[in-house]
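# any chance you could fold what I've pasted below:
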Amino acid sequence: MLGSPFTARLLAMLADRLAPGSPLADRILGWPGDAGPSGDSVPLRLAGGLHALVQTGRDAALAAVYADTAAHTGDALWQPVAAALAAHENFLMAWLNSPPQTNEVRRAAVLIAAGHWLTARFGLPLVLSELGASAGLNLLWDRYALDLPGLRLGPDDPALVLSPDWRGALPPHCPPEIAARAGVDLNPLDPVADRLRLLAYIWADQTDRLTRTKAALAEAVRLRPPVARADAVDWLDTRLANRHAGHLHLVFHTIAWQYFPPAAQARGEALLAAAGARATADAPLARLAMEADATPGSAAVTLNLWPGNVRLVMGRADFHGRWVEWLASAP
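As a prediction, the model looks like this:
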């Protein structure tokens, strides 16, 4: 459903054919707790490990499969995969220790549109605070261009160009100025040291995502957006304590808030409400969220503004940013 038939085929085959008897298979099949997408995502850990073998050039036979994913089915797929599971067991066992972690750049389409909308609304430079920033790739959304029907937003020399399927009205053309930026993550990834992990967890047949992520990683290496290793709500408390006179403070998160424990969510909401009560016309506060809600299959895009405690529904978006439905009225 998310556009990776090869990953679907690979995981279905592993589910059918992986048999107990080796340390790797026994660990996967006997995984304690929830191995699925609501828990530890063990199948995606394994898929990422196999892709990492290809990315690092460790397995030529497996690389041949990944070079032409559509052509390999049945035994033509299983035999090199099974051989890789046996030959690289230690590598894959170590890879299983860490959960999947990605930094989906296409979600920046929503950030670009919202940044222009907020600039049209307030006319102030932005101070950015991202929760769940991973490698900080989406902290650099102002360095990406958004190509829409009849409108292009972003710099003249973008690091990459996003072209989602855009539905609804167009955002205003009002280029934002970023005065400062910072992010936080429990396990921030470094664009150099963790490059392999970021690329391996992109599904192998989605070559456009690989190309975009490589371009974003190159920009992150150049600009080094600061991402702190900390609890997001503790960090947010510190960020909200600072008043940014003459600036709009934009707190944002994309498919991250939903993973915070309920107590952390409640504390974060209280901190934002308290900071919003202190906000003024010359130092406003905004909170942009792109998160799953009760509507399956896509994320809600919402915006809270202070002073005034105004909540706006800006639209909906595909979880990976493939399409955006923009519902925001003119600012």
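# give me the number of residues near Ala76?
Ala76 has 10 neighbours, counted by other C-beta atoms under 10 Å. In this view, the C-beta of every residue, glycine as well, is placed from N, C-alpha and C.
# now for it: which residues touch it?
Val65 (C-beta atoms under 8 Å, 6 or more residues apart in numbering).
# just the element for it, please.
helix 74-87 (DSSP states H and E).
# that helix: how far from the chain's middle?
Distance of helix 74-87 from the chain centroid (C-alpha atoms, centre = their mean, to the nearest Å) equals 30 Å.
# neighbouring contacts of stretch 29-47?
For stretch 29-47, using C-beta under 8 Å, 6+ apart, the contacting residues are 7, 10-11, 14-15, 18, 20, 28, 92, 95-96, 98-100, 201, 203.
# now the end-to-end length of that stretch.
With C-alpha to C-alpha, to the nearest Å as the measure, the first residue of stretch 29-47 is 15 Å from its last.
# now do the helices in the stretch 1-150 of the chain.
Counting by DSSP state H, counting those that start in this stretch, residue ranges of the helices within the stretch 1-150 of the chain are 5-17, 23-29, 42-55, 60-67, 74-87, 89-95, 108-122.
# er, the stretch 201-331 of the chain actually
Under DSSP H, counting those that start in this stretch, the stretch 201-331 of the chain gives helices at 207-223, 232-240, 262-278.
# got CSV for the ones you listed, with distance to Arg311 too?
Formatted as CSV, these follow (distance: least, C-beta to C-beta, whole Å):
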stretch, distance to Arg311
helix 207-223, 30
helix 232-240, 18
helix 262-278, 11
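# report the inter-axis angle for the helix holding Ala76 versus helix 42-55.
80 degrees (axes from the mean of the first three to the mean of the last three C-alpha atoms, to 10 degrees).
# now helix 74-87: mean pLDDT?
The average of the pLDDT scores along helix 74-87 is 96.
# for stretch 299-319, same thing?
The average pLDDT within stretch 299-319 is 97.
# distance of the residue nearest to Glu130 when sequence neighbours are not counted relative to Ala232?
Leaving aside its sequence neighbours, Glu130 sits nearest to Gly183 (C-beta to C-beta, 6 or more residues apart in numbering; 3.8 Å). In this view, Gly183 and Ala232 are 9 Å apart by C-beta to C-beta, to the nearest Å.
# between the two, what contacts are shared?
Common neighbours of Gly183 and Ala232 (C-beta under 8 Å, 6+ apart) are 131-132.
# which parts of the stretch 151-300 of the chain are strands?
151-153, 160-162, 165-168, 178-185, 227-229, 248-254, 285-292, 299-306 (DSSP state E, counting those that start in this stretch).
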